[in-house]
Every structure is written in structure tokens, then in C-alpha cells.
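[1] model the following, please.
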Amino acid sequence: MKKTILIRSGIAAAFILTIVSCKDTWLMYDPSQKDHLYFEITSLTPLVSFSLTTDQEIQYQAKVLMMGMPVDYDRTFTVSFPEIGDDEKVTVGTETMPVVKARPDTDYEIGSLTLPAGEVECSIPLTIHRQEVMKDKYVCIRFRITEDEEFLPLPADSSNLKKIKSPLFNLYINDGEPACPDWWDATAGSTHLFGWTLYLGRFYPEKFRRMLDLYHNLEEKNPIFYQTCVDRYGENLDKEGITKNFFVSENPSAWASYILSPMYEYYKVYYAEHPDDPNVETMGSGTSGNYWRDPIYLLR
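    Next up, the predicted model:
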């Protein structure tokens, strides 16, 4: 009997502790606290370029995410526009260029800053206008989420390097020659064979344009595959967050057949016939000092 009473007392005590614990947890949540807004950064240099289009305007959506609970009414938020230093520069691929601040209502227009009812994410619409200055400088649209009656900016968090949370938004715009995209690794040293460099060598604009011509030809040769690629990677392979080796993990035989092999065969002949071209590269095994690994490996 005594043992039974002790067991029941222990169960009762545990139940009371559970109630207290739950109560404390409930009290820790403050429903009146402000929700937090942030941007999710998936590229070191988010870039929009006019270099591959004749359009005079580009529409861009800057995605904003919320950490908190949705509500049943629309909420507006606010941003500030930090200055850009006189000597600020940006490096894209192997190119380093000066940066100037984008001029509102001239270089770009910003749309509504509204989080719709019931949503935990939205987009800030940007209309970007082509300008002459973009040919020899990178124009930067920069703004930061600020505290207001509804929201707080989420402090920067880089614990996940593939998706950095930040209250600061940067977008770089250029024109003229196309810049090296993130997924085409053009860095120097022991890492320059990662990404597409292993199969396409070092980046330079003429080579990139030829590659994009082959990519766009897929619209006729394999329209289903092309539309899938456009949805995932963009019309000019310019969506943010594209991984360096996406062609290896996502339908490598198609990329090899339609893009990599034609590029390999073309430049194999071209470099042999134009040994004085400053862009001539060694086409070999894809090991250190040798580029242009034969894409036949991707067909096996």
C-alpha cells in the first residue's frame, strides 16, 4: 500500500511540474511582440544585367520573408536607403568594377511595401531602367528593412551560408559585356576547376554568348527540357541560387548532348586554328592546368 501511495504521489508531482512547465512556456510567448522581416541571400553578388537583352526595362521581385504569425489584414513595412562609399567596388568573376548608388525614379522605381493578409512572405517590385552609366560601373540598389509599428528587421544570420538571412538588400545592375555568373566558377588558384570551368574552361563573354545560343536553341530541339530549364534557371541562366554543379546532378546527359559537347567540339577546332587568340586554353583531362574535360564522361 505504501509503495502504491508513493507511485501515485510521484505521478501527481510530475503532472503538476508539466502544467507549470507548459504555463511558463505559454507565458514566454508574447502575442503582442512585433514580427520580423528579412531577405534571404542566395548569391554573394545578386546581379541583373542588360548585357544579354535589348529591353530598356527589367522587372525584378525582391522577396521578403517574415518570422512570425500571419494576420487577417494587409500590413505595410518600411525600408531605408543606406549610402554607398565613394571607393566601393564589386568583384564578379574575374572583373572588379566601381559601384555607384542607384537613383530612385531614374535608375529604378520601387513598388508597394505590403505584406498581404494571411501571408508570411511577399515581394518588393522593382522596375529597373537601362542607363548609360551601367556600361562602365555597377549600379547598386540598396535598402534595409527598418523598424515601424508592425515589424522589426531580423538580425543578420549567416549560420546557413547557402541562405543567409539579412535585413539588408543589395542588387547590382550592369550593361555592356556580360559578367561571369556565380555558377561558372572563375576564381583563381586550386579551386578554379569547380563548377562549369571543369568542362568549359575559364569564363569570357564571347564563350558565354555562344553557350547561351546553344541553350536557347533547345527551345526548338527539346522544348519540354528547355521550358523546365527556364523555369528553374532563367532565360539566360540568371536566376539566383543556381548551384555550381547543377548540370551534373540534374539531367547531365542532356546538358552534355546539347551544350557541353557542341562547345567542346567547336573550341577544340577553333583553338587549333587560332593559336594566337589570347583566350586559347588547353583542352585536356580537367585536371590542374588542363581545362575542357571531355563531356563524354557525363554520358556514361
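
[2] so what are the domain limits for the protein?
    35-174, 189-299 (automatic domain parsing).

[3] of these, which approaches residue 181 most closely?
    domain 189-299 (6.4 Å; C-beta to C-beta). Every residue, glycine included, has its C-beta placed from N, CA and C.

[4] pLDDT averaged over that closest one - what is it?
    Domain 189-299 shows a mean pLDDT of 84.

[5] ok, stretch 113-125 next?
    The model assigns stretch 113-125 a mean pLDDT of 97.

[6] any idea which of the domains of the chain gets closest to residue 182?
    domain 35-174 (5.4 Å).

[7] measure the closest one end to end?
    35 Å (C-alpha to C-alpha, to the nearest Å).

[8] correct me, but residue 283 touches residue 263?
    No - between residue 283 and residue 263 there is no contact under C-beta atoms under 8 Å: 10.6 Å.

[9] neighbour count: these two, which is higher?
    residue 263 (20 against 17; other C-beta atoms under 10 Å).

[10] check the gap between the more buried one and residue 254 for me.
    14 Å (C-beta to C-beta, to the nearest Å).

[11] residue 95 too?
    30 Å.

[12] of the two, which one has the most company?
    Neighbour count, other C-beta under 10 Å: between residue 95 and residue 254, residue 254 has more, with 18 against 15.

[13] name the helix or strand for that one, please.
    helix 252-255 (DSSP states H and E).

[14] contacting residues around that helix?
    222, 225, 247, 295, 298-299 (C-beta atoms under 8 Å, 6 or more residues apart in numbering).

[15] mind doing that once more with 10 Å?
    Defining contact as C-beta atoms under 10 Å, 6 or more residues apart in numbering, one finds that helix 252-255 is touched by 196, 199, 215, 218, 222, 225-226, 228-229, 245-248, 260-261, 295, 297-300.

[16] drop anything exposed from those.
    Those of the contacts of helix 252-255 that meet the buried threshold are 196, 199, 215, 218, 226, 229, 246-248, 260-261, 295, 298, by 16 or more other C-beta atoms under 10 Å.

[17] and the contacts of the helix or strand just after the helix holding residue 254?
    As assigned by DSSP H and E, the chain's next helix or strand after helix 252-255 is helix 261-273. Residues outside helix 261-273 that contact it (C-beta under 10 Å, 6+ apart) are 196, 199-201, 207, 210-211, 213-214, 217, 255-256, 274, 277, 279-283, 291-296, 298-299.

[18] re the thing from before, got CSV for the buried ones among the contacts of helix 252-255, with secondary structure too?
    Listed next are the buried ones among the contacts of helix 252-255 as CSV, based on DSSP: H, G, I helix; E, B strand; the rest coil:
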residue, secondary structure
196, coil
199, helix
215, helix
218, helix
226, helix
229, helix
246, helix
247, helix
248, helix
260, helix
261, helix
295, helix
298, helix
